[in-house]
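Any chance you can model this:
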Amino acid sequence: MKGIELAKAYYEAYGKAMLEEQFGDILPMLAVGLIGSGSECFGFDDAVSADHDFEPGFCIFLPGEDVVDRKRAFALERAYAKLPKEFMGYRRAMLAPVGGARHGVIRIEEFLEEKLGTKEPALSAAQFLRLSEQSLAEITNGEVFFDNYGLLTQIREDLRYFPEEIRRKKLAGNLLVMAQAGQYNYARCIKHGEQAAAQLAVCEFVKSAMHVIFLLNRSYEPYYKWSFRALRALPVLSLEAEMFEYLLTTDNDGERAQEKYDAIEGICADVIDELVDGGLTAAICGDLEKHAYSVNDSIEESEIRNMNLFEAV
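Residues are numbered from 1 along each chain as shown. Have a look, this model is predicted:
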C-alpha cells in the first residue's frame with residue numbers, strides 16, 4: 001500500500017471521527033493531508049521505503065494562534081497522540097506530544113519556516129533563486145484531504161512553480177553549466193588523460209541537464225535520490241534518463257569517451273530543440289553557451305536579467 005493511501009485510510013478510520021466529535025469548534029480552521037518530506041509524499045515509496053519513517057499517520061495543519069489558540073492546539077496534539085498505534089499491519093513510531101516531525105499537528109507558519117526559512121509565503125526573487133527546489137517540492141507535493149480554512153491550499157497554489165522570470169534565470173544558469181561541463185570540459189579532460197576529472201564533468205553535466213529538463217517541464221526537482229524516478233514521469237525529454245544513466249555508469253576509456261561525447265551532444269541538441277519550440281531562445285546554433293545567454297536576454301526584469309548567471313544555479 002502506498003503511503004498516501006495508508007494515511008488517508010487511517011484518517012478516515014480514526015482521524016475524521018476524532019476531529020468531528022472533539023474539535024467541531026475549530027474544524028472550520030483546519031486542513032488535513034499528507035505533504036512534506038518522505039518518498040510517500042511524492043508517491044515514490046515502495047517495499048524498501050517501509051524500513052524507516054513509514055507509518056500510519058497524517059498531518060493536521062493549523063493557522064496562527066490568533067485563529068486557533070495554543071490551548072486548543074495542545075488538546076488536538078494530545079488527541080492525535082492517542083489515536084491507535086497499529087493500523088493495517090503498520091505501527092506508528094513513538095511520537096512526541098506535537099505528533100512528530102512529519103505527521104501530527106503542524107502550524108502552517110512553522111511548516112513554512114522549516115521549508116523556506118521564513119513564515120511568509122510571498123517570496124522575493126532573491127529567495128526564489130536561492131531556495132532548494134526540494135523545499136518547494138515538499139510544500140506542493142502529496143495530497144490535501146480537506147482544507148476548510150483554505151490557507152494551506154492558497155499557499156500551495158501560490159508556490160506551485162517559479163515565476164517565469166526566475167524559471168528563465170535558472171534555465172540560463174544551468175544551460176551554461178551544461179555547456180561548460182559537457183560540451184567543453186569533458187573532451188578537454190579526456191585529452192589531458194584525466195579520466196576521473198572527465199567523469200566529474202559528466203556528473204556536473206548530468207546534474208544541470210536534469211535540472212534543465214525539470215525547468216522545461218515546469219516541475220520542481222525533488223531530492224536527488226528520487227530525481228531519476230521523477231524525471232522518468234515527466235512529459236518532456238523523460239527518455240533522456242536512459243542516456244544520463246549511461247553517462248554516469250560507464251567509464252571513459254578509448255572509443256567509449258567519443259561515444260559519451262556524442263551522447264552529450266545529442267542531449268544538448270534535444271534541449272536546444274525544446275528551447276526553440278518554447279520560444280525561449282533566439283540563438284541558432286548547437287552551442288549551449290550561446291543559448292544560455294539568449295535565454296537570459298529574454299528576461300524582462302532588468303534586476304534579474306543583470307544578475308550573474310550562476311546566481312540561479
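
quick one, helices of the stretch 151-300 of the chain?
Along the stretch 151-300 of the chain, counting by DSSP state H, counting those that start in this stretch, helices occupy 151-158, 164-178, 186-191, 195-216, 227-232, 240-249, 254-277, 288-297.

hey, which of those is tucked in deepest?
Mean neighbour count (mean count of other Cβ atoms under 10 Å) peaks for helix 164-178 among those, with a mean of 24. The way it works is simple: take the backbone N, C-alpha and C, and place the C-beta from them, glycine included.

what does that one contact?
In this structure, residues lying in contact with helix 164-178 by Cβ atoms under 8 Å, 6 or more residues apart in numbering are 125, 128-129, 161-162, 204-205, 207-209, 211-212, 215-216, 218, 268, 271, 275, 280, 288-289, 291-293, 295-296, 298-301, 304-305, 307, 309-313.

What is the distance between it and the centre of its chain?
Here helix 164-178 is found 17 Å from its chain centre; the criterion is Cα atoms, centre = their mean, to the nearest Å.

Now do that helix and helix 254-277, the angle between them.
On the basis of axes from the mean of the first three to the mean of the last three Cα atoms, to 10 degrees, helix 164-178 is oriented at 160 degrees to helix 254-277.

Could you figure out how far helix 164-178 is turned away from helix 288-297?
Interaxial angle of helix 164-178 relative to helix 288-297 (the same axes, to 10 degrees): 170 degrees.

sorry, back to before: of all the helices of the stretch 151-300 of the chain, which one is nearest residue 2?
For residue 2, the closest of the helices of the stretch 151-300 of the chain is helix 227-232, at 13.5 Å, according to Cβ to Cβ.

didn't residue 38 look like it was pressed against residue 103?
No: in this structure, residue 38 is not within contact of residue 103 by Cβ atoms under 8 Å, at 9.6 Å.

Contacts only, for residue 215.
Contacts for residue 215 (Cβ under 8 Å, 6+ apart) come out as 167, 170-171, 174.

follow-up on the earlier one: for residue 18, find the nearest of the helices of the stretch 151-300 of the chain.
helix 151-158 (19.3 Å).

average model confidence for the closest one?
Helix 151-158 shows an average pLDDT of 97 in the prediction.

Counting neighbours, show which residues of stretch 38-52 come out buried.
By 16 or more other Cβ atoms under 10 Å, the buried positions in stretch 38-52 come out as 38-45, 50.

can you tell me which of those lies nearest to residue 119?
Distance to residue 119 across the buried residues of stretch 38-52 (Cβ to Cβ) is lowest for residue 41, with 21.1 Å.
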